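# following is a predicted model, sequence given first.
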Amino acid sequence: MDLSIKNTTELFHALHRLFWFRNLAIMVQLLVIISVMSFLGIALPFEALMVVISIETLFNLFMAWRLKNNFPVTEIEIVINLAFDALILGALLYYTGGSTNPFVSLFLVPIALAASFISMGYVLGIAILCILLYSFLMLNHYTLPSAHGRFGGDFNLHVIGMWINFILSSIVVVIFITELAKQGRRHSQKMAENEEELMRNEYIVSLGTLAAGTAHEISTPLSNIGMMADELVANPTDKELVRDFAQTIKEQQQHCVKQLQLLRSASDQQHDEMTDAGNAHDLLDGILDRWSPMRPEIRISRQFTLQDAADIMIPPTISHAIINLLNNAADASLENNHSDIIVSATIKDNRLIIDIDDFGKGFNDEQINLAGNISFSTKKEGLGVGLMLSHASLARYDGKITIHRRDDGVRSTICIPLDKIQA
């Protein structure tokens, strides 16, 4: 798995940790050299070892200055630091027995750090470098003299060295793994917070889309109520007209109230409770039945082939999208002195496909390209958001709307993957 750190801030923190690991390593190296020479009586090439540790110290002093100035950090710089540490370790082991030194397993540390800080290609490079250094030390190194007899010979000395190496490795592992665990917990907490924020934003977007759809949907009955009110003002004594319009106004008002109740339920986080579920044929029939009283002047021809369709769910946002397209089709037909629209529905390639045909004047190429992309309307008093809202609502379920010219009008097609709306 690629554990690369692409963020500059995280790379800076990685370099900072390497700086402190190196400080710890310098102190441990000095302690071990002094202990081996003082307590085990082993003559080491002290001057050569001090030169190596001095180079390591000077490099770390440079890194302290570099970190203080907050220069941008790249993966290459992390690689250079790890390669330098591997070479320093190789030099120290060269003067202290090479591959026979029990501390030779410390070559695993740069590899482990590389796997945590940089991408896989660089990790392989560090691993190959450490393997080559280990291989070189198997044939080329200063042979350590035997210790005095208190430890019982060279093998026991090696065992004691392995014991010390285990203690030091355990300390490094505890520090390293603890830090990684902290980072993992912080990352998990951040992921949880991001997921919670994403869900909250998704709910807000859903509620906003539903609110905009509700506003767009009730604009039609409100417009009808306004026109009927004008007719009643002009003909206040026509009892038959008053009776017919009063009934229609009541139906339009009830539709508006229902849509506002739906919006309120969604704002109370009861949105899922308002989602219709059942047979696709019955659900589409229900949407058309609710819409028909809004546009009593329109005749709907229903052509459904959905008898074998599985149960689906139609959330309110999708219902709004369908009703928006029905209103657009009704307006287009009426503008061209027609009162008919055709609604077809079928299942094809595991998708629900709904076609809405109007008998209007049609769109030209420019209008088809603009529809749904910007606030575009062919109506004088249109808000220009109907198609745009419909596109946004369906996109949340991987659905889409396409518009095609017909010889006698326009066909608007809704296509939704069934796996996104299956009950």
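Yes, it's here.
# make it CA atoms for all contacts and neighbour counts henceforth
Noted.
# got the domain ranges for this protein?
Here the domain parsing of the chain from automatic domain parsing is 8-145, 275-423.
# looking at those domains, which is closest to residue 232?
Nearest to residue 232 among the domains of the chain is domain 275-423 (18.0 Å), distances taken as CA to CA.
# rewinding a little: need the domains of the chain in JSON lines with mean pLDDT and mean neighbour count, can you?
Shown next, in JSON lines, are the domains of the chain (pLDDT from 0 to 100; neighbours: other CA atoms under 10 Å):
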{"stretch": "domain 8-145", "mean pLDDT": "88", "mean neighbour count": "17"}
{"stretch": "domain 275-423", "mean pLDDT": "80", "mean neighbour count": "18"}
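# okay if I get those as a markdown table plus distance to residue 191?
Formatted as a markdown table, those follow (distance: least, CA to CA, whole Å):
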| stretch | distance to residue 191 |
| --- | --- |
| domain 8-145 | 16 |
| domain 275-423 | 22 |
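# for residue 218, find the nearest of those.
From those, taking CA to CA, the stretch that ends up closest is domain 275-423, at 9.3 Å.
# and the helices in the stretch 51-200 of the chain?
With DSSP state H, counting those that start in this stretch as the criterion, the stretch 51-200 of the chain has helices at 75-94, 108-117, 120-139, 154-234.
# over to the stretch 201-350 of the chain?
Taking DSSP H, counting those that start in this stretch as the criterion, the stretch 201-350 of the chain carries its helices at 239-267, 280-291, 316-335.
# chain center to the first one, what's the gap?
Same thing as helix 239-267. For helix 239-267, the distance from its own C-alpha centre to the chain's C-alpha centre is 42 Å (CA atoms, centre = their mean, to the nearest Å).
# which other helices and strands does that helix contact?
helix 154-234 (3 or more CA pairs under 8 Å, 6 or more residues apart in numbering; DSSP states H and E).
# and the average pLDDT for the helix it packs on is what?
Along helix 154-234, the predicted confidence averages to a pLDDT of 67.
# make a markdown table out of the helices of the stretch 201-350 of the chain and add distance to residue 26.
What follows is the helices of the stretch 201-350 of the chain, written out as a markdown table (distance: least, CA to CA, whole Å):
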| stretch | distance to residue 26 |
| --- | --- |
| helix 239-267 | 62 |
| helix 280-291 | 73 |
| helix 316-335 | 65 |
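# so which strand or helix has residue 36?
helix 8-39 (DSSP states H and E).
# and residue 81, what does it touch?
Contacts for residue 81 (CA atoms under 8 Å, 6 or more residues apart in numbering) come out as residue 18.
# residue 339: what's it in contact with?
With contact taken as CA under 8 Å, 6+ apart, residue 339 is in contact with 297-299, 330, 333.
# what does it show for phi and psi?
In terms of degrees, to the nearest 10, the main-chain angles of residue 339 are phi -130, psi 20.
# what do you get for residue 399?
Recorded main-chain torsions at residue 399 are phi -90, psi 170, according to degrees, to the nearest 10.
# which strand residues bridge the nearest residue to it once chain neighbours are set aside?
On the basis of CA to CA, 6 or more residues apart in numbering, the spatially nearest residue to residue 399 that is not a chain neighbour turns out to be residue 416, at 4.2 Å. Taking DSSP bridges as the rule, residue 416 bridges to residue 352.
# residue 197 versus residue 190, what's the distance?
For residue 190, the distance to residue 197 (CA to CA, to the nearest Å) stands at 10 Å.
# residue 318 contacts residue 394, correct?
Yes - taking CA atoms under 8 Å as the contact criterion, residue 318 and residue 394 are neighbours in contact, 6.3 Å apart.
# wait, which of the domains of the chain is closest to residue 248?
The closest of the domains of the chain to residue 248 is domain 275-423. By CA to CA, the value is 7.8 Å.
# distance from the chain centre to that closest one, please.
Offset of domain 275-423 from its chain centre (CA atoms, centre = their mean): 31 Å.
# from the contacts of residue 339, which is closest to residue 242?
Nearest member of the contacts of residue 339 to residue 242, counting by CA to CA, is residue 297, at 17.4 Å.
# if we can go back for a sec, closest to residue 98 out of the contacts of residue 339?
Distance ranking of the contacts of residue 339 against residue 98, using CA to CA, places residue 330 first at 88.3 Å.
# ok, now which ones touch the closest one?
Contacts of residue 330 were listed using CA under 8 Å, 6+ apart, and they are 295, 298, 339-341, 358.
# ok, now residue 294?
Contacts for residue 294 were tallied using CA under 8 Å, 6+ apart; they are 220-221, 251-252, 255.
# which ChimeraX command selects the buried ones in those?
Selecting only the buried members of these in ChimeraX, with burial defined as 16 or more other CA atoms under 10 Å, works like this:
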select :220,221,252,255
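# possible to save the contacts of residue 294 as JSON lines with distance to residue 410?
JSON lines is the format used below for the contacts of residue 294 (distance: CA to CA, whole Å):
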{"residue": "220", "distance to residue 410": "20"}
{"residue": "221", "distance to residue 410": "23"}
{"residue": "251", "distance to residue 410": "29"}
{"residue": "252", "distance to residue 410": "27"}
{"residue": "255", "distance to residue 410": "27"}
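# among the contacts of residue 294, which two are most distant?
Checking these against each other with CA to CA, the farthest-apart pair comes out as 220 and 251, at 12.6 Å.
# coming back round to it: so the residue nearest to residue 399 makes contact with residue 396?
No - contact status for residue 416 versus residue 396: not in contact, 10.2 Å apart, counting by CA under 8 Å.
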